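J.: sharing a model that was predicted from the sequence below.
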Amino acid sequence: MLTLADLLAVTGGEALSRGPESFAGVSIDSRTIREGELFFAIKGERHDGHTFLPTVLQQAGGAVIARDFDRASLCHLFQHKSVVAVADPLVAMQLWARLIRLRFMYPVIAVVGSNGKTTTKEFTASVLSVLLSVYKSAGNLNNHIGLPLSLLRKPDTAQIVVVEMGTNRPGDVRELCEIARPDIGIITNIGMEHLEGFGSLERVRDAELELLPYIRTAIVNADDVFLMDGVKSVFRGKIISFGIDNPHADIRGSSLMTTDSGISFILHIGADAAEISLQLAGSFNVANALAAAAAGASLGISIQDIRRGLEAFSGVQMRFSVFLHEGITVLSDVYNANPSSVNAAVDELVRFSRRESDPLRRRMVAVLGDMLELGDREAAYHFDVGSRLKTEGVDLFIGVGTRMRHAVAAFGENAVSAGDASDAVRILRPLLRKGDCMLIKGSRGMRMERVCEGLGIEASKK
């Protein structure tokens with residue numbers, strides 16, 4: 001229960017007025033505030049929550065505001081509301097979330113890594129929900145604002161919590177762990193993400209491994225040798241490994257096969273084995289599923305119940321999905337991109353163009369948007385993508401954005417630069433053919449979903 005007394009005790013805040021002694025929930029968004037919720041007036045880069053107090057206090061049960069905010073003109077709105085003044089509303093929210101976590105007597109699982117965090121979190125929640133009342137953080141609420149907000153929304157009925165932790169700089173994961181205090185950690189992989197902030201792959205790994213001092217059990221991708229070496233060098237708790245390529249992994253996937261509905265594989269947990277048919281495509285989603293299976297196994301869930309949980313999960317919006325549109329197989333992975341995830345997506349483009357059920361190789365089309373936040377070597381990383389596409393025999397490449405011009409140059413003939421998603425649609429329309437296999441991917445800032453929208457691609461999964 002979220003009580004005013006706890007809020008005041010943990011933050012040292014001052015009650016400017018007292019209304020409700022407990023709250024139905026918390027919010028930082030004036031557009032979605034509900035009756036009885038407590039509003040945190042957080043000051044961000046674009047908006048200051050204090051600006052919306054006149055509207056918010058008509059609906060909310062109260063608000064947490066900055067002590068130095070000039071509130072004289074709003075005092076008449078405080079009547080019958082619980083309004084608390086603190087040094088910093090964001091810090092207050094984090095402190096309160098940490099208190100809620102410390103009172104929660106069940107496990108918390110944290111998912112970190114360069115790629116696949118959200119899908120792995122969702123797979124894990126699906127597996128655990130077969131037997132337990134699971135609370136998971138919504139969407140990708142994985143930063144210093146989203147994580148505490150998620151914990152404060154945890155229902156009292158939850159028996160286990162699964163959260164995602166993101167990082168853009170050293171110290172981010174440590175800060176989130178101080179709030180969430182996880183018991184079990186899943187590390188999906190280490191890839192070339194946010195290099196603008198980290199500078200090197202070693203520093204990316206160091207940042208993700210900030211999780212280790214807080215957990216008792218680490219679930220680690222054994223196929224990522226760089227990651228596993230880093231974990232083994234510093235972690236003295238229990239390690240559960242998962243993998244596809246590593247025959248010594250504790251949780252293994254074998255016999256991968258692309259199907260009309262997704263991908264199937266054999267799950268091995270010790271001496272037990274089960275055939276799994278995922279609703280998601282992509283071999284990297286097998287790795288995500290194996291991580292979730294390892295979490296389930298660590299908590300004593302049987303392989304058959306793990307199978308039920310994995311097969312029930314249908315995917316995450318804007319992550320890797322396969323659609324059939326007017327005879328064209330579309331591989332859409334438009335949420336984000338970095339060199340590691342782009343290479344994995346290209347693997348799937350090649351796989352789908354050469355499926356055993358189809359005797360003819362399909363024409364491969366790649367529509368890739370800029371990969372952002374790569375630092376000084378961004379030109380080289382983009383050039384490498386173009387070279388990889390050429391080596392794999394991609395037939396047509398549309399590079400979207402200024403950075404992808406380096407990839408277009410590396411690819412050469414049959415590559416075209418597009419300024420933005422709308423430009424890419426204009427170029428693509430006359431060039432696409434029935435039977436093509438097309439990959440669409442790019443960083444979030446490139447809004448590559450607009451390519452799908454511009455081509456009229458509907459989400460009818462293949």
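T.: Yep, that arrived.
J.: looking at this protein, which helix or strand is least sure?
T.: Using mean pLDDT, DSSP states H and E, helix 195-198 stands out as the lowest-scoring helix or strand of the chain, at a mean of 76.
J.: so what's the gap between that helix and the chain middle?
T.: Computed by Cα atoms, centre = their mean, to the nearest Å, the separation of helix 195-198 from the middle of its chain amounts to 18 Å.
J.: could you do stretch 401-421 as well?
T.: 28 Å.
J.: using PDB, write out every CA atom in it.
T.: As requested, the backbone C-alpha atoms of stretch 401-421 are provided in PDB (Å, rounded to 0.1, in the frame of the first residue of the first chain):
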ATOM      1  CA  GLY A 401      20.000   8.800 -43.100                       C
ATOM      2  CA  THR A 402      23.400  10.500 -43.500                       C
ATOM      3  CA  ARG A 403      25.400   7.900 -41.600                       C
ATOM      4  CA  MET A 404      24.100   5.100 -43.800                       C
ATOM      5  CA  ARG A 405      25.800   6.800 -46.800                       C
ATOM      6  CA  HIS A 406      29.000   5.100 -45.700                       C
ATOM      7  CA  ALA A 407      27.200   1.700 -45.900                       C
ATOM      8  CA  VAL A 408      25.800   2.600 -49.300                       C
ATOM      9  CA  ALA A 409      29.300   3.500 -50.500                       C
ATOM     10  CA  ALA A 410      30.700   0.100 -49.200                       C
ATOM     11  CA  PHE A 411      27.900  -1.800 -51.000                       C
ATOM     12  CA  GLY A 412      28.300  -0.100 -54.300                       C
ATOM     13  CA  GLU A 413      25.900  -0.900 -57.200                       C
ATOM     14  CA  ASN A 414      22.200  -1.500 -56.400                       C
ATOM     15  CA  ALA A 415      22.500   0.600 -53.200                       C
ATOM     16  CA  VAL A 416      20.600   3.900 -52.900                       C
ATOM     17  CA  SER A 417      20.700   6.600 -50.200                       C
ATOM     18  CA  ALA A 418      17.400   8.000 -48.800                       C
ATOM     19  CA  GLY A 419      17.100  11.100 -46.700                       C
ATOM     20  CA  ASP A 420      14.400   9.700 -44.400                       C
ATOM     21  CA  ALA A 421      11.700   7.000 -44.100                       C
END
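J.: list the buried residues of that stretch.
T.: Applying a neighbour-count criterion of 16 or more other Cβ atoms under 10 Å, one finds 401, 403-411, 415-418, 421 buried in stretch 401-421. Where C-beta positions appear, they are placed from N, C-alpha and C, glycine not excepted.
J.: can you tell me which of the residues you listed end up in helices?
T.: Secondary structure from DSSP state H places Arg405, His406, Ala407, Val408, Ala409, Ala410, Phe411, Ala421 of the buried residues of stretch 401-421 in helices.
J.: contact partners for the third one?
T.: What it means is Ala407. Leu368, His382, Phe383, Val385, Gly386, Leu389, Phe397, Gly399, Ala415 (Cβ atoms under 8 Å, 6 or more residues apart in numbering).
J.: skipping adjacent residues, who's closest to it in space?
T.: Distance criterion Cβ to Cβ, 6 or more residues apart in numbering; nearest residue to Ala407, sequence neighbours excluded, is Gly386 at 3.3 Å.
J.: just the helices in the stretch 351-462 of the chain please.
T.: Secondary structure of the stretch 351-462 of the chain by DSSP state H, counting those that start in this stretch: the helices cover 378-391, 405-411, 421-428, 449-454.
J.: elements contacting the last one?
T.: The reference is to helix 449-454. Helix 449-454 sits against strand 328-333, helix 421-428, with contacts defined as 3 or more Cβ pairs under 8 Å, 6 or more residues apart in numbering; DSSP states H and E.
J.: and the shortest one, how far from the chain's centre?
T.: This means strand 328-333. 20 Å.
J.: so the residue sitting nearest the centre point of the chain, which of the three states?
T.: Nearest residue to the geometric centre of the chain (Cα atoms, centre = their mean): Thr118, 3.1 Å. Counting by DSSP: H, G, I helix; E, B strand; the rest coil, the backbone at Thr118 sits in helix.
J.: from what I see, it and Ala138 are in contact.
T.: No: applying Cβ atoms under 8 Å, one finds Thr118 not in contact with Ala138, separated by 10.3 Å.
J.: rewinding a little: I'd like the helices and strands packed on helix 449-454 written out as TSV, with mean pLDDT and distance to Ile303 added.
T.: Shown next, in TSV, are the helices and strands packed on helix 449-454 (pLDDT from 0 to 100; distance: least, Cβ to Cβ, whole Å):
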stretch	mean pLDDT	distance to Ile303
strand 328-333	89	29
helix 421-428	94	43
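J.: before we move on, back to that, just put the helices of the stretch 351-462 of the chain in TSV and tack on distance to Lys441.
T.: Shown next, in TSV, are these (distance: least, Cβ to Cβ, whole Å):
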stretch	distance to Lys441
helix 378-391	10
helix 405-411	12
helix 421-428	12
helix 449-454	10
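J.: out of these, nearest to Leu53?
T.: helix 449-454 (34.2 Å; Cβ to Cβ).
J.: tell me which residues of the closest one come out buried.
T.: Going by neighbour count (16+ other Cβ under 10 Å), the buried part of helix 449-454 is Glu449, Arg450, Val451, Cys452, Gly454.
J.: hmm, which of the residues you listed is lowest in pLDDT?
T.: On pLDDT alone, Cys452 ranks lowest of the buried residues of helix 449-454, at 87.
J.: isn't that one up against Val330?
T.: Yes: the criterion here is Cβ under 8 Å, and Cys452 meets it with Val330 at 7.2 Å.
J.: point out where the stretch 301-450 of the chain drops to low pLDDT.
T.: Within the stretch 301-450 of the chain, the stretches with pLDDT under 70 are 355-360.
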